[in-house]
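Enquirer: the sequence and its predicted three-dimensional model are supplied below.
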Amino acid sequence: MIEWTHWHTEPLLIGGILLVAWLYSLAAGPYRSARYAFPRREAIYFALAVISFYLAVGSPLDALGENFLFSAHMAQHNMLMYVTPLLFLLGLPRWLVDEAFARRRWLKGTIKFLAHPLIAGLSFTLVFS
């Protein structure tokens, strides 16, 4: 029987989510350069990403997918593959990404190669299979 009111509150799950949110808030808040404004829209996207991750992993959907319905399990996987990563990427402040590329020139070439449609499509197919 599925317990519809059970939400996962394991210390590792909650602690990991809180650690990631805390590190993001430090990077986007007090440790950002004074020349950049607080990324309000990106912070909302990041918060939505954290919420969508917890809904996929910590909600009763997890127990439903693990024990009862394969369709719920696949909905959980699709949420973790499509929704959460997109929101995490939209949650990155532009200046944070620009500074990462400016300091590491090799990173720009690597990302350009991995983002090529053929390479990205093959990588997606390999991971998805």
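Expert: Great, that's in hand. Numbers count the residues shown, from 1 in each chain.

Enquirer: got the contact list for residue 25?
Expert: When contacts are counted by CB atoms under 8 Å, 6 or more residues apart in numbering, residue 25 touches residue 43. Using the backbone N, CA and C atoms, a C-beta is placed for each residue, glycine as well.

Enquirer: state the distance from it to residue 3.
Expert: 33 Å (CB to CB, to the nearest Å).

Enquirer: repeat for residue 76
Expert: Taken as CB to CB, the span from residue 76 to residue 3 is 17 Å.

Enquirer: looking at the two, which has the bigger crowd around it?
Expert: residue 76 (20 against 9; other CB atoms under 10 Å).

Enquirer: surely that one meets residue 58?
Expert: No - assessed by CB atoms under 8 Å, residue 76 is found out of contact with residue 58, at 10.8 Å.

Enquirer: give me the mean pLDDT for stretch 31-44.
Expert: Mean pLDDT, stretch 31-44: 87.

Enquirer: same deal with stretch 88-100?
Expert: 88.

Enquirer: check which residues of it are buried.
Expert: Using 16 or more other CB atoms under 10 Å as the test for burial, stretch 88-100 gives 88, 91, 92, 93, 95, 96.

Enquirer: that one: how far from the chain's middle?
Expert: 13 Å (CA atoms, centre = their mean, to the nearest Å).

Enquirer: next one: stretch 5-15
Expert: How far stretch 5-15 lies from its chain's middle: 17 Å, per CA atoms, centre = their mean.

Enquirer: how about it: buried residues?
Expert: Result for stretch 5-15 [16+ other CB under 10 Å]: no buried residues.
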